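# below is the sequence, then the predicted model.
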Amino acid sequence: MLVDNHLTRPNVSMLGTSAMLFEAPGAFSLATQRRIWTLARMVSAWPGVQEAAPCMTNVMLTFVTPPEEPERLEDALLAAWEAAEPDQTEGRVVDVPVIYGGEYGPDLLDLAAHAELPPEEVVRLHAESRLIVFAIGSHPGNAYLGGLDPRIAMPRRKIPRLRLEAGSTSIGGLQAGLGGTPGPSGWNCIGRASIPVFDAQRDPPALLAPGDTVRFHAERVIL
Amino acid sequence: MTAEEIGQITAWLKAAGLDSLELASPRAKLRLRLGAPAPAETGNLAPQPSAAPASIDARATGLFLPAHPWRATPPVQPGQRVQAGEIVGFLRIGPLLQPVTATSDGIVGRCLAAPGKLVGFGTKLFEFSPEGRTP
Amino acid sequence: MIEILDTAPLSSVQDLGRAPYLRYGVSCSGVMDQLALRTGNALLGNAENLACIEIQAFPCRIRFRTARAFALTGADCAATLDGLPLPPWWAAPAREGAELTLSAPRRGSRAYLTVAGGIDVPSVLGSRSTQFRGSFGGHEGRWLQSGDLLPAGATADATVMAPGFGAEPPETAFPADWAHFDLQPNTTSVRVLPAGEYGLFTEESQRRFWDTAWKITGQSNRAGFRLAGQPLEFAQRIEMRSHGIVPGVVQVPPSGEPIIQLSDAHTAGGYPKIGTVIEADLWRLAQAPLGSRLRFVPVTYRAALDALRQGDAWIAALRRLAEQYRSLCSSGRAP
């Protein structure tokens, strides 16, 4: 039986000598995410820290040089977590035009069948969901989005697709995603953004940042 | 800089015919000045200045390796004809591998030093029969 | 200018990797064997992080369109320069038009070609490493192919006189003398620090993790090594939340057979982590051939740090000695 990893208190562990992982306790929530973003911002300025990469209610610290005494860094991290208030930064609202269906969204019809809804309704519910960027990670620019209308949730595909194009908008369980670069994926792809989601020549390279709100617009629906 | 490295550089100075060298690194400065030409370890090991040598000698202080650490056999076998500058063995100085090379065209004879042995400048490593041309 | 004459699409331009962009989902990329690249750069007097060609497919032929000093480190590929054998872990001058040939490795599995001045492709997001998923960095963001021309950077120093000089291979300089068992042929030992979810495995599986000679399967590449062996069992199964990972992390998916995440791995993952191969031993993984075996050896954090410093000190000593050696050689009075 599978149980969600509800920690009762914060957990800190080492990834070899390269990184340290902090995991927040409690159920997954946006409030916890907001504290994680605050924590990441604080610790990224600490000496010896190369980067603080926030993910799902956790943050990983990589090092310029590994800490001599990791216990001291751990204590400082736990104290910083206790002090961390939820990040109040108003994220940007980012409008993302999407072409739904057809070769752009090969799983739209499957998802409509699974949800027992007409595909147009799936598109409407997706575009009207108020989606918040919970994390950027996995591959360049890839955004994990929360706040999906549960009526269009769908488990991941049993057999992953070998390639989804950059900009693919997809659904995996209750999460929505916006992929930054092409590659294999087990998520159900219903459309593709017609603006670049990741551009290595841009600073920052990713279109989205944690805390941003994404508004999808149906530029076209192919049925 | 370690004593081993200083010893090494001193040996190189001798080999290069220099009498002093100044080294600077971010943390240290070192000036090496050699006195009168140091006698070789034993008289009969001194390099012969005029005639082509009848041996291939160590030009530095290091561990003598007839074969590369990843090779089972030496690059040349006794009796093999080599060209000037060809690699006939190796000296290991800390992490560095320095080639031992033929000083002229000729025929390499027996190996004269034990594998893995610490050798000094001038130590005879191989018998050698030169064949005229020098590089 | 370096010309790729003949290679399968498994060679690429890499430096020591890209940071800090994990928070944008950009993996570190970079060479699999950092010690080999750092050695090449030290021999040539290059800055530590100049880019090289990582060669993973053999045979491979490369031509120097212009004369240039170079170093070849990593796997022993019985390399030849213009038909003459080149010792392993060696720096040498190449004349204009010289051809370098690498055969299938006799030892190790990845070779590194560094050139004086480095492979001068544009730096993207702070690195010259190829990022395959994002198709950027390196040479046009892709694997190298026959006919590719790669520029070498400007260089002030780095004269290497024939027949060149080299470094002791790290395999000999850093023997795995910390292994507590007899080393078997065709088996690589690496040191591992237990990771966050080590305690979720049954005691029997914890023991087996250390005692198994895991096979490196054919589904192993720059992204990760998939291992085969009797599956490990969880005492308690949990659904992890996605979190950041780094090269060396050993994950155990539901199948129970470990996966070691490496240079091109995703930046986040959610499988339980049983351990992390220490940074100081990642080069050993990089040189472990597919189909060979892998043993994990427990280590303390302190010992892992010491191992890292030992490597740094070795590179620093090599760099100093190489600099002196090159300058004495180029003064025309070679030792």
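Thanks, I have it. Numbers count the residues shown, from 1 in each chain, chains lettered A, B, ... in the order given.

# from here on, just use CA atoms for contacts and neighbour counts.
OK.

# so the residue most central in space within chain A, which of the three states?
Central residue of chain A (CA atoms, centre = their mean): A:Tyr144, 2.1 Å from the mean position. The three-state assignment at A:Tyr144 reads strand, by DSSP: H, G, I helix; E, B strand; the rest coil.

# domain ranges for chain A?
Chain A breaks down into these domains under automatic domain parsing: A:11-83, A:93-222.

# and those as CSV, adding mean pLDDT and distance to chain B?
Listed next are the domains of chain A as CSV, based on pLDDT from 0 to 100; distance: least, CA to the nearest CA, whole Å:
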stretch, mean pLDDT, distance to chain B
domain A:11-83, 96, 20
domain A:93-222, 95, 35
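
# quick one: contacts for the residue nearest to the centre of chain A?
A:133-137, A:175-178 (CA atoms under 8 Å, 6 or more residues apart in numbering or on different chains).

# closest one of those residues to chain C?
A:Gly137 (3.8 Å; CA to the nearest CA).

# how close does that closest one sit to C:Gly25?
Distance of A:Gly137 to C:Gly25, given as CA to CA, to the nearest Å: 4 Å.

# overlap in contacts, those two.
Joint contacts of A:Gly137 and C:Gly25 (CA under 8 Å, 6+ apart) are C:266-268.

# can you say which of the domains of chain A is nearest to B:Thr123?
domain A:11-83 (43.8 Å; CA to CA).

# off-centre distance for that closest one?
18 Å (CA atoms, centre = their mean, to the nearest Å).

# right, is it up against chain C?
Yes: residues of domain A:11-83 contacting chain C under CA under 8 Å from any CA of the partner chain: A:12-19, A:21, A:50-60, A:66.

# first vs last residue of that domain, how far apart are they?
16 Å.

# likewise for stretch C:257-265?
Termini of stretch C:257-265 sit 17 Å apart (CA to CA).

# per-residue confidence averaged over it?
Across stretch C:257-265, the average pLDDT comes to 97.

# so what touches that stretch?
Contacts of stretch C:257-265 (CA under 8 Å, 6+ apart): C:27-32, C:131-132, C:222-232, C:245-253.

# from the residues you listed, which are also near chain A?
C:27, C:245-246, C:248-249.

# among these, which lie within strands?
C:Val249 (DSSP state E).

# wait, what's in contact with A:Leu108?
Neighbours of A:Leu108 in contact, by CA under 8 Å, 6+ apart: A:100-102, A:119, A:122, A:188-191.

# about what we covered before: ok, so of the contacts of A:Tyr144, who is nearest C:Leu149?
Nearest to C:Leu149 out of the contacts of A:Tyr144 is A:Gly137 (CA to CA; 33.3 Å).

# for C:Gln251, what are its contacts?
If a contact means CA under 8 Å, 6+ apart, then C:Gln251 has C:258-261, C:271-275 as its contacts.

# and the pLDDT at the closest residue to it other than its chain neighbours?
Among residues not flanking C:Gln251 along the chain, C:Lys273 sits closest, at 4.3 Å (CA to CA, 6 or more residues apart in numbering or on different chains). In this model, C:Lys273 is scored at 97, pLDDT.

# what strand or helix carries C:Ala303?
helix C:301-330 (DSSP states H and E).

# try A:Leu78
Per DSSP H and E: A:Leu78 is located in helix A:70-83.

# swap in C:Phe296?
Counting by DSSP H and E, C:Phe296 is part of strand C:293-298.

# ok, A:Ile36 next?
Short version: A:Ile36 belongs to helix A:30-43, going by DSSP H and E.

# how about residues contacting that helix?
Contacts to helix A:30-43, defined as CA under 8 Å, 6+ apart, come from residues A:24, A:49, A:52-54, A:56-59, A:77, A:80-81, A:84-88, A:134, A:210-211.

# skip ahead from that helix and say which helix or strand is next.
strand A:49-54.

# render the CA-only coordinates of the helix or strand that that following strand is followed by in CSV, please.
Next in sequence after strand A:49-54, counting helices and strands by DSSP H and E, comes strand A:58-63. Taking Å, rounded to 0.1, in the frame of the first residue of the first chain, the C-alpha atoms of strand A:58-63 are listed here in CSV:
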residue,chain,number,x,y,z
ASN,A,58,11.2,20.7,-0.6
VAL,A,59,14.3,22.5,-1.6
MET,A,60,17.7,21.2,-2.6
LEU,A,61,20.9,23.1,-1.9
THR,A,62,23.9,22.5,-4.1
PHE,A,63,27.3,23.6,-2.9
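
# can you list the strands that strand A:58-63 pairs with?
Sheet partners assigned to strand A:58-63 using DSSP bridges are listed as strand A:19-23 (antiparallel), strand A:49-54 (antiparallel).

# okay, those in JSON lines with mean neighbour count next?
What follows is the strands paired with strand A:58-63, written out as JSON lines (neighbours: other CA atoms under 10 Å in any protein chain shown):
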{"stretch": "strand A:19-23", "mean neighbour count": "25"}
{"stretch": "strand A:49-54", "mean neighbour count": "25"}
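
# to A:Pro70, which of these lies closest?
Among the strands paired with strand A:58-63, the nearest to A:Pro70 by CA to CA is strand A:19-23 (8.6 Å).

# just want the angle from that closest one to helix A:70-83.
30 degrees (axes from the mean of the first three to the mean of the last three CA atoms, to 10 degrees).

# the helices in the stretch 101-250 of chain C, which residues?
C:170-173, C:203-211 (DSSP state H, counting those that start in this stretch).

# A:Leu111 is nearest to which of the ones you listed?
Smallest distance to A:Leu111 across the helices of the stretch 101-250 of chain C (CA to CA): 39.8 Å, for helix C:203-211.

# what's that closest one packed up against?
Judged by 3 or more CA pairs under 8 Å, 6 or more residues apart in numbering or on different chains; DSSP states H and E, helix C:203-211 is in contact with strand C:293-298.

# low-confidence ranges in chain B?
B:1-9, B:12-53, B:132-135 (pLDDT under 70).
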